[in-house]
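Novice: Need the 3D shape of this:
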Amino acid sequence: SMGTSILPVRWRFFSVIFILSFLSYMLRQHFPVAGEFMMKELAISELQMGWVYGAFFWGYLVFQIPGGILGKRFGPRLTLLVAGGIWVLACLLFALLPGSFESSVVGTVGLLIAIRVLMGAAHAPIYPVQAAAVERWFPVGQWALPNAVSSTGLSLGAAAAAPIFSIVILNYGWRASFLVFIPVGFLFFWIWWWYARDNPREHPAMSGAELEKIEAHRSALTQDAGYRAWRQLLGHRETLLLASAYFTHNFVFYSFATWFFHYLVNVLGFSIIESGMLAAAPWLLGAAAATVGGWICDTLCHRLGPKLGCRIPAMTGLIGTGIFLYLGLYSSSPYVAVALLSLCYACTQFAEGSFWSAQIHLAGPYAAPACGLMNTGGSVSGIIVGPLMPFLALKVGWVAALSTGSIVAFIGAALWLFIRVDRPFQPRAN
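Specialist: Predicted coordinates for the structure are as follows:
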């Protein structure tokens, strides 16, 4: 039977989430590659494209907390299916609409911004809802590794995007690159609906022994006082501090995600194809670093408790991020620069599991809205970094513009000194 295979059911369920994370970032990171070609064909400037890139985050940001609340209210299975439907629709609109009926560049930019907001909204529930699924499906204190493995999926998806899609777009055009995601999306969300369940108890393959392991030691966690109690999170000190620290972490993360490909082509002078290959380097290194960081976080949580267990890897990652970013930007050789910047990105990923694990430790059954709140802090940086970097680059050059991330990362490391993961959220019954 299914129940006797070597891989526990929770990890099999999680492998579906891993693929979702992979596809989500493949789609997100294919956009800056397509963007280089869209700018030429649709006559859009760097600055205008910055607004289009940033627009994703308006939808992403606004729907973080609602996505988390819906995830808590309707469960991960249905919430992600609906998000998937919107995602497939947005891909279709991107392939068909731009340049078909608008008469001006401003009209085109407006249209791209609108579809990009819709795309952001579709992606918003993914990580908060996934964190809630991890909280339900994994034993207490074993939460950093699955969240980190999901970041590995994200990094691999992003790594695959540049090399695959620079070739697809050079051969078939940027519109075709959006169409690829439609059958892939349909297939994936069908598998998700077929295999996923909201609770491990409901899964046909779940064994009694595994269920016992998952449900042990839960009495000390935050108790569920109904989904409306999520509002009290808005005043919860640790959650707000985590959201602020996640802002600093993602400031550097999104500088990479949005502008690294552009930096390789326009500042370091690599060709599109070579940039496609080199743009994969940080993501691949990050993929490994995420899993290692998550494993270390869980191990330290087990030995030292959640406060230090989450703080040590997070601070290590943020300090490393600041140092390698600075060294990479001011390095004299382009290849050494790519190597150092890849290490910088790897450091952001090393810290990733600690953030999500800390928020799950703090919020328990409120993981979805709480992670939505934390990821809201993270997404604000995405909105800022999109337009800010080309603006600063015009004033002081790309190198100085991107090096602001070092200061921001050090501030994030300092914030972690104040985050007490051992003080979980206690909702008052309404």
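
Novice: For Ala132, give me its contacts.
Specialist: Each residue near Ala132 by Cβ atoms under 8 Å, 6 or more residues apart in numbering is listed here: 68, 71-72, 76, 367-368, 371. Where C-beta positions appear, they are placed from N, C-alpha and C, glycine not excepted.

Novice: Of the residues you listed, which is the nearest to Pro424?
Specialist: Distance to Pro424 across these (Cβ to Cβ) is lowest for Ala367, with 11.3 Å.

Novice: could you point out which element follows the helix or strand that contains that closest one?
Specialist: Ala367 is part of helix 367-396, with elements assigned from DSSP states H and E. Next in sequence after helix 367-396, counting helices and strands by DSSP H and E, comes helix 398-415.

Novice: Now that next one: buried residues?
Specialist: By neighbour count on 16 or more other Cβ atoms under 10 Å, the buried set for helix 398-415 is 398, 401-406, 408-413, 415.

Novice: Trp295 is in contact with Leu145, isn't it?
Specialist: Yes. Using Cβ atoms under 8 Å, Trp295 is in contact with Leu145, at 5.5 Å.

Novice: out of the two, which sits in the busier spot?
Specialist: Leu145 (24 against 16; other Cβ atoms under 10 Å).

Novice: which residues touch the more buried one?
Specialist: By Cβ under 8 Å, 6+ apart, the contact set of Leu145 is 291, 294-295, 297-298, 353.

Novice: do you know how far it is from Cys347?
Specialist: Distance, Leu145 to Cys347, using Cβ to Cβ, to the nearest Å: 18 Å.

Novice: next one: Ser15
Specialist: Distance, Ser15 to Cys347, using Cβ to Cβ: 26 Å.

Novice: Over to Ser150?
Specialist: According to Cβ to Cβ, Ser150 and Cys347 sit 18 Å apart.

Novice: What helix or strand is the residue nearest to Tyr25 when sequence neighbours are not counted located in?
Specialist: Excluding the flanking residues, the one nearest Tyr25 by Cβ to Cβ, 6 or more residues apart in numbering is Gly157, at 3.8 Å. In the assignment (DSSP H and E), Gly157 maps to helix 144-172.

Novice: Any buried residues in the very next helix or strand once past that helix, and which?
Specialist: Next in sequence after helix 144-172, counting helices and strands by DSSP H and E, comes helix 174-179. Under the neighbour-count criterion of 16+ other Cβ under 10 Å, helix 174-179 has 174-175, 177-179 buried.

Novice: quick one: which of those residues is nearest to Leu118?
Specialist: The shortest approach to Leu118 among those belongs to Phe178, at 13.0 Å (Cβ to Cβ).

Novice: And the least confident helix or strand in the chain by mean pLDDT, how far out from the chain middle?
Specialist: Comparing helices and strands within the chain by mean pLDDT, DSSP states H and E singles out helix 272-278 as the least confident, with a mean of 84. A distance of 23 Å separates the centroid of the chain from that of helix 272-278, by Cα atoms, centre = their mean, to the nearest Å.

Novice: ok, back up a step: more crowded one of Ser15 and Cys347?
Specialist: Between Ser15 and Cys347, Cys347 has the larger neighbour count (other Cβ under 10 Å), namely 26 against 14.

Novice: The residue nearest to the more buried one when sequence neighbours are not counted and Tyr345: what is the separation?
Specialist: In space, and not counting its chain neighbours, Cys347 is closest to Gly320: 3.5 Å by Cβ to Cβ, 6+ apart. Distance, Gly320 to Tyr345, using Cβ to Cβ: 10 Å.

Novice: Looking at the two now, which is surrounded by more residues?
Specialist: Using other Cβ under 10 Å, the more surrounded residue of Gly320 and Tyr345 is Tyr345, with 28 against 20.

Novice: what's the closest non-adjacent residue to that one?
Specialist: That would be Pro282: by Cβ to Cβ, 6+ apart, it lies 3.6 Å from Tyr345.

Novice: Give me the below-cutoff pLDDT ranges for the stretch 251-400 of the chain.
Specialist: Along the stretch 251-400 of the chain, no part satisfies pLDDT under 70.

Novice: Show me the helices in it, by range?
Specialist: For the stretch 251-400 of the chain, applying DSSP state H, counting those that start in this stretch gives helices covering 272-278, 280-304, 306-329, 334-363, 367-396, 398-415.

Novice: quick one, which of these is nearest to Arg228?
Specialist: Of all the helices of the stretch 251-400 of the chain, helix 367-396 sits nearest to Arg228, with 10.3 Å by Cβ to Cβ.

Novice: counting contacts, what elements does the closest one pack onto?
Specialist: If you count contacts as 3 or more Cβ pairs under 8 Å, 6 or more residues apart in numbering; DSSP states H and E, helix 367-396 packs onto helix 46-62, helix 64-96, helix 126-137, helix 237-266, helix 334-363, helix 398-415.

Novice: relative to helix 64-96, how tilted is the helix or strand where Glu36 lies?
Specialist: Glu36 is part of helix 9-42, with elements assigned from DSSP H and E. Between the axis of helix 9-42 and that of helix 64-96 there is an angle of 50 degrees, by axes from the mean of the first three to the mean of the last three Cα atoms, to 10 degrees.

Novice: from the chain's centre, how far out does helix 9-42 sit?
Specialist: Distance of helix 9-42 from the chain centroid (Cα atoms, centre = their mean) equals 10 Å.

Novice: how about it: buried residues?
Specialist: Applying a neighbour-count criterion of 16+ other Cβ under 10 Å, one finds 9-10, 13-14, 16-18, 20-39, 42 buried in helix 9-42.

Novice: One more: stretch 212-225?
Specialist: Buried positions in stretch 212-225, judged by neighbour count with 16+ other Cβ under 10 Å: 213-214, 221-222, 225.

Novice: next one: phi and psi at Ala216?
Specialist: When read as degrees, to the nearest 10, the backbone of Ala216 gives phi -70, psi 160.
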